[in-house]
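> my questions are about this predicted structure, shown below with the sequence.
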Amino acid sequence: MNVLIVFAHPDGQSLNGALKDVTVEILEQNGHKVEVSDLYEKKFKAIADKDDFLVLKNPNRLNYISEQYHALKNNTFAADIVEEQRLVTRADLIIFQYPMWWTDAPAILKGWFDRVFSYSFAYGPGRYEEGNLKGKMAIVSVTHGAENLSEYGENGIKGKVEERLFNIQHEKLYFCGMTVLEPFLFPAGADEETRLKHIQDWKERLAGLKDEILVDI
C-alpha cells in the first residue's frame, strides 16, 4: 500500500516528529511504501492567492475556484501544488500528523487543503460519497494538550473531541470522498507511562493496518 504522511509541525525533533518517524518505521517494516510531505521543511506556502497559477483565466478579478478549475485543465498550477497533488494521487492512504493548536490544525495545514484539495481535483462536481478522492483512505493523527481524553466529552471542559475533528475529517476528507478511519489522539500532557502506552498502541495499530482496512471498507 502507498502511504503519504502529511507532517505539519515546525520541529522535526518534537513529539509529532517522533510519531511521524515511528509511523514511517512501522509501515515500512510491514511492507508499505511511505512518502512524507514535511510542510514546514518545504516552507509550504499557506496563503491561497493568484500566485498559485502560472496563467490566470481572468487577470482582472480573482475567482479562486474558477482559477483552480482552469489550472487543472490546462496544467498551469504552481509547481508546489502540482507536486502535492502528485503525492495525493499516488497514495492509497494519507496520514495527517499534526498538533492541535487552538482546537484546530496549524495554519500551514489549512493552507495545504486550500491549495492542494482544489476544485476538480479533490472534489467537484461530486462531493462526499462521490468526491474525486473516493477509494482513498485517511487517518488523522493528532497530539493535544489534555492530560487524557477525560477532558473531552459531553461534560468535559474541552467539549466533544468529535467536534474538534469534524472540520477536517468530515468537511475536508469525507467531503472529497475519502474513507476516514479512526483518528489517533495522543495526550501530550500525559505522564511518561501513559505516553509510552499510546506510542505502543499506535505501533500495534500500524502493524495491523491491513486487517483494519479490510474491516472498514
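Cool, the structure landed.

> so what's the residue count around L214?
8 (other C-beta atoms under 10 Å). Quick note: C-beta positions are derived from backbone N, CA and C, even for glycine.

> quick one: pLDDT of it?
If you check L214, the pLDDT there is 72.

> and if you look at E182?
Listed pLDDT for E182 reads 95.

> distance of the most centrally placed residue in the chain from E163?
By C-alpha atoms, centre = their mean, the chain has its centre lying nearest to F96, at 3.3 Å. Applying C-beta to C-beta, to the nearest Å, the value for F96 to E163 is 17 Å.

> secondary structure element holding V3?
strand 2-7 (DSSP states H and E).

> got the phi/psi numbers for I94?
For I94, the backbone dihedrals (degrees, to the nearest 10) come out as phi -120, psi 130.

> what angle do the helix or strand of the chain with the lowest mean pLDDT and strand 2-7 make?
The helix or strand with the lowest mean pLDDT-type score in the chain, counting by mean pLDDT, DSSP states H and E, is helix 209-216 (a mean of 79). Helix 209-216 runs at 100 degrees relative to strand 2-7, counting by axes from the mean of the first three to the mean of the last three C-alpha atoms, to 10 degrees.

> what's the pLDDT at the nearest residue to K172 once chain neighbours are set aside?
Nearest residue to K172 in three dimensions, chain neighbours excluded: F113, at 5.4 Å (C-beta to C-beta, 6 or more residues apart in numbering). With respect to pLDDT, F113 has a value of 98.

> what helix or strand does R195 sit in?
Using DSSP H and E, the element containing R195 is helix 192-207.

> elements contacting that helix?
Counting by 3 or more C-beta pairs under 8 Å, 6 or more residues apart in numbering; DSSP states H and E, the packing neighbours recorded for helix 192-207 are helix 15-29, strand 184-187.

> right, I'll call it a day here.
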